[in-house]
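Engineer: Curious how this folds, go ahead:
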Amino acid sequence: MNSKNTVKSKEDIAYIESALTRESWKIFQIMAEFVDGFENLACIKPSVSIFGSARTDTDHPYYKKAEKIARLLSDAGFSVVSGGGPGIMEAANKGAYAGKSSSIGLNIQLPHEQTTNEYQDISLNFRHFFTRKVMFLKYATAYIVLPGGFGTLDEMAEILTLVQTGKTRKIPIILIDSEFWSGLIDWFKNTLAKEGAINESDLDLIKIIDDPQEAVNAIFEYYRSRTFEPSAEEKERMLQL
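Structural biologist: This next block holds a predicted model:
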């Protein structure tokens, strides 16, 4: 007999109904995360999202560089958004917290590794990575990516994909520390672009900068001929994120 036509037992049916009920109620939890994020972050513009490893020690040069970048951004009038955890995320929040503008942490509940840092003016908690990702980019004026692991690469790939495909507006995407990122960028050029998986022009979406002040200057330079606020067309596009 075709397995697709097999009659399910009462136990199977009861389990499926229970699972569907639980999944349906999950929708409201997801909605709540979106609403909470929109309500708390709509007023923080302009903002810069900063990414990097949760495993970076406080005495590491990457930590100190992230803290300095965030402080410069905060004093320049940018709210700073990080993942709210330890390592580079803590450094970003710490630098912003000491500055003039808001320090925001988008915390995620994980089985291990993620603990909320203490340097947050606005602290939001998420269960789902995908709702958290929307909040990282929804109001971002720029992305700054410091050295990190899979999570950092995931966030970087997300914004590159959304800009490349036109699902969101083009913003500065700045990678900090050329030595760390050079191997990946070479692979982008010599493998992805060569194989036609991306266009050569897609590489222009990325800037690699080593100096904290130069990173801040690059953001201001990008917006020298336009406002930080999205245009009407960009706002409409970003509603479809």
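
Engineer: Centre-most residue in this protein?
Structural biologist: Closest to where the C-alpha atoms of the chain average out (Cα atoms, centre = their mean) is residue 136, at 4.2 Å.

Engineer: got the contact list for that one?
Structural biologist: Residues near residue 136 by Cβ atoms under 8 Å, 6 or more residues apart in numbering: 49, 81, 106, 155. C-beta here means a position set from N, CA and C on the backbone, and glycine is covered the same way.

Engineer: Identify, from those, the entry nearest to residue 100.
Structural biologist: residue 81 (15.7 Å; Cβ to Cβ).

Engineer: Surely the closest one is within a strand?
Structural biologist: Yes: checked against DSSP: H, G, I helix; E, B strand; the rest coil, residue 81 lies within a strand.

Engineer: Tally up the residues packed near it, please.
Structural biologist: Other residues near residue 81 number 32, with proximity taken as other Cβ atoms under 10 Å.

Engineer: measure it to residue 155 for me?
Structural biologist: Residue 81 sits at a distance of 11 Å from residue 155 (criterion: Cβ to Cβ, to the nearest Å).

Engineer: Same question for residue 170.
Structural biologist: Going from residue 170 to residue 155 by Cβ to Cβ gives 17 Å.

Engineer: Of those two, which one has the most company?
Structural biologist: A side-by-side neighbour count of residue 170 and residue 155, using other Cβ under 10 Å, places residue 155 first with 22 against 13.

Engineer: Let me see the contact set for that one.
Structural biologist: 49, 51, 133, 136, 143, 145.

Engineer: Let me know the pLDDT of it.
Structural biologist: Note on residue 155: pLDDT of 94.

Engineer: go on, residue 23?
Structural biologist: With respect to pLDDT, residue 23 scores 78.

Engineer: and it, how many neighbours does it have?
Structural biologist: By other Cβ under 10 Å, 9 other residues sit near residue 23.

Engineer: Next secondary structure after the host helix or strand of it?
Structural biologist: Using DSSP states H and E, residue 23 sits within helix 10-41. Once the chain leaves helix 10-41, the next helix or strand it forms, by DSSP H and E, is strand 47-51.

Engineer: Off-centre distance for the following helix or strand past that next one?
Structural biologist: Downstream of strand 47-51, the next assigned helix or strand under DSSP H and E is helix 61-75. How far helix 61-75 lies from its chain's middle: 17 Å, per Cα atoms, centre = their mean, to the nearest Å.
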